[in-house]
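**Q** turn this into a model:
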Amino acid sequence: VTIAPITTTVRDIPSEVFLSKADGVPQDCAVNCDHLQTVPKAKIGVLITFLPPAKMADVGRAIRFALDV
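**A** Down below sits the predicted model:
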């Protein structure tokens, strides 16, 4: 599966999506779409949160920005 890692280093750039406790994460962080990775499904750990459609749309925009598409 292809993943976008989550980091606590928030750079406030177009290829990141900010997440807060309101999004169900334990602390402020960012989805880092600059570092997309493909990993075996067996390597995926426990579910942290589900993102609502509006936030997933933000992730989609950040991925398109990172890939320049």
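
**Q** contact partners for the residue nearest to the spatial centre of the chain?
**A** By Cα atoms, centre = their mean, the chain has its centre lying nearest to Val31, at 2.6 Å. Applying Cβ atoms under 8 Å, 6 or more residues apart in numbering to Val31 gives the contacts 4-6, 16-17, 19, 59, 62. Glycine gets a C-beta too; all of them are placed from N, C-alpha and C.

**Q** of these, buried ones?
**A** Among the contacts of Val31, those buried by neighbour count (16 or more other Cβ atoms under 10 Å) are 4, 16-17, 19, 59, 62.

**Q** all strands of this protein, in order?
**A** For the chain, the strands defined by DSSP state E occupy 2-3, 6-7, 16-19, 29-32, 37-38.

**Q** mean confidence for stretch 57-65?
**A** The predicted model assigns stretch 57-65 a mean pLDDT of 98.

**Q** return the set of buried residues in that stretch.
**A** By neighbour count on 16+ other Cβ under 10 Å, the buried set for stretch 57-65 is 58-59, 62-63.

**Q** wait, Cys29 sits on Arg11?
**A** No. Judged on Cβ atoms under 8 Å, Cys29 makes no contact with Arg11 at a distance of 11.3 Å.

**Q** comparing those two, which shows the higher neighbour count?
**A** Here Cys29 and Arg11 are compared on neighbour count by other Cβ atoms under 10 Å; more neighbours surround Cys29, at 21 against 12.

**Q** now do the same contact list for the more buried one.
**A** Taking Cβ under 8 Å, 6+ apart, one finds 6-8, 10, 18-19 in contact with Cys29.

**Q** CSV for the residues you listed, including distance to Gly45 and pLDDT?
**A** CSV is the format used below for those (distance: Cβ to Cβ, whole Å; pLDDT from 0 to 100):
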residue, distance to Gly45, pLDDT
Ile6, 11, 96
Thr7, 15, 97
Thr8, 16, 97
Val10, 21, 96
Phe18, 22, 98
Leu19, 17, 98
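
**Q** quick check, nearest of those to Lys41?
**A** The nearest member of the contacts of Cys29 to Lys41, counting by Cβ to Cβ, is Ile6 at 17.6 Å.
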